[in-house]
Structures are given as structure tokens and as C-alpha cells.
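**Student:** Next one to model:
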Amino acid sequence: ILSIRIAENLIQDCYFEEYLKQGHKQDGIDIISVNKKDGNSVTIQCKSVKQLSGSDLKEIIREFLEGKFSKNCSQFILTTTADLQNPETQKAIQLHKKNLFDNYHVAFECWDIKFIELQLQNYWNLVVYYFNKEEADQFCYTQLKHSVFGNIKSVENFIPRKITLISNNTTSGNIIRHFT
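**Tutor:** Residues are numbered from 1 along each chain as shown. Predicted structure coming up:
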């Protein structure tokens with residue numbers, strides 16, 4: 001899901017994954033991560049629609065709050081293909097942001113089509129992957145083009161992974177001792 005890739009680029013210390021599939025009770029979320037700094041959940045609800053009304057937003061928030069993740073969540077994000085840049089919708093969003101933070105200590109964000117497009121301009125590789133190279137070349141900011149990059153081949157049976165820095169008070173000598 002494109003929203004996962006954008007979230008991983010924008011929110012540090014999180015590794016996002018889909019929460020169940022359509023057709024299952026998802027408790028008002030589609031994507032989840034645990035923030036490694038505070039242990040709370042960061043949740044995302046994805047809506048692929050042309051428009052969202054104030055009552056649609058209210059229903060999305062209600063479903064989230066009634067779900068099991070709202071109690072241990074520090075951030076709830078709505079991603080949507082709708083354009084939310086109109087006065088009525090923005091007023092509703094601001095009210096929901098205040099209510100969620102004041103009453104539940106949850107930061108609420110809305111990533112609409114305008115926000116997503118703005119973010120994607122910085123990620124040529126994502127646009128190539130989810131759309132195509134021609135779209136990326138036209139849509140994204142100018143990228144570094146070097147002939148050596150054309151020679152890079154994909155690795156067969158590659159297992160995607162994420163490297164996380166683990167810091168503690170050990171010295172390099174102690175680390176070596178653990179591996180010998």
C-alpha cells in the first residue's frame with residue numbers, strides 16, 4: 001500500500017503494516033505501527049473516495065474510537081484520495097483534531113490527495129514503483145541520473161528488511177566478545 005511507504009518516510013521510529021484485509025472487522029484502521037519511542041500505536045485509515053463530507057469524517061472518527069486501538073494510540077491518520085481543501089471540511093477536521101487530542105490524547109492528521117501528491121514529488125522511486133518511470137520523470141523533482149544506476153540489477157529472492165539502531169552502553173570490545 002502506498003500509504004505505508006509514505007508513512008514510513010514521514011514518521012520516524014515506526015514500521016507500518018496492514019492490519020487485516022477488507023472484509024474483516026478492522027476496528028476503524030487499515031494500517032498500524034507501534035512507535036518505538038513511546039510504545040503507543042500509530043494507526044492509519046485509508047479511504048479511496050472522490051469526496052468526504054463532515055458526516056463521513058464523523059463516522060470514521062466514531063469507528064476508530066469504538067475500535068480497540070484508540071486506547072493505546074498516540075496518532076491517528078486518515079489518508080484519502082479525496083480533496084479535503086474546502087472550508088467546511090477543514091472546519092470539521094480542526095474540530096476533530098481538537099476533540100481527539102483534548103479528550104483522548106490522540107494527534108489526528110488528514111493526508112488528502114493534495115498532501116499525498118506533494119509528498120510523492122520527493123519520492124521518485126515510489127512513483128516509479130506504483131505508477132511508472134515516465135510519470136515519475138514528469139511528476140517528481142529532478143533526480144540524480146548517473147549511468148551506474150542503470151546497471152543495478154535486482155537481487156533474486158531478496159528479503160526486505162529494516163535496520164534499526166540499538167544503542168546501549170556497551171563498548172565495541174564487549175560486542176566483539178559476544179560474537180566470538
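**Student:** which residue ranges form the helices in the protein?
**Tutor:** Taking DSSP state H as the criterion, the chain carries its helices at 2-10, 54-66, 87-104, 113-120, 124-130, 133-139, 172-179.
**Student:** Switch those helices over to a markdown table; also include mean pLDDT, mean neighbour count and distance to E18.
**Tutor:** From N, CA and C alone the C-beta is placed, and that goes for glycine too. Below are the helices of the chain laid out as a markdown table (pLDDT from 0 to 100; neighbours: other Cβ atoms under 10 Å; distance: least, Cβ to Cβ, whole Å):
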| stretch | mean pLDDT | mean neighbour count | distance to E18 |
| --- | --- | --- | --- |
| helix 2-10 | 93 | 17 | 7 |
| helix 54-66 | 95 | 16 | 16 |
| helix 87-104 | 96 | 14 | 23 |
| helix 113-120 | 95 | 14 | 18 |
| helix 124-130 | 92 | 16 | 15 |
| helix 133-139 | 92 | 13 | 24 |
| helix 172-179 | 44 | 8 | 35 |
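**Student:** Format those as CSV; extra columns: distance to Q26.
**Tutor:** Putting those into CSV (distance: least, Cβ to Cβ, whole Å) gives the following:
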stretch, distance to Q26
helix 2-10, 14
helix 54-66, 9
helix 87-104, 18
helix 113-120, 21
helix 124-130, 22
helix 133-139, 30
helix 172-179, 41
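**Student:** Tell me which of these lies nearest to S33.
**Tutor:** Between S33 and the helices of the chain, the shortest separation by Cβ to Cβ is 7.5 Å, and it involves helix 2-10.
**Student:** Please save the CA atoms from the closest one in CSV.
**Tutor:** The C-alpha trace of helix 2-10 is given here as CSV (Å, rounded to 0.1, in the frame of the first residue of the first chain):
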residue,chain,number,x,y,z
LEU,A,2,1.3,3.4,-1.0
SER,A,3,0.2,4.9,2.3
ILE,A,4,2.5,2.6,4.2
ARG,A,5,5.5,3.7,2.2
ILE,A,6,4.7,7.4,2.6
ALA,A,7,4.1,6.9,6.4
GLU,A,8,7.5,5.1,6.8
ASN,A,9,9.2,8.0,5.1
LEU,A,10,7.4,10.7,7.2
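**Student:** Helix 113-120 and that helix, what's the angle between them?
**Tutor:** In terms of direction (axes from the mean of the first three to the mean of the last three Cα atoms, to 10 degrees), helix 2-10 departs from helix 113-120 by 60 degrees.
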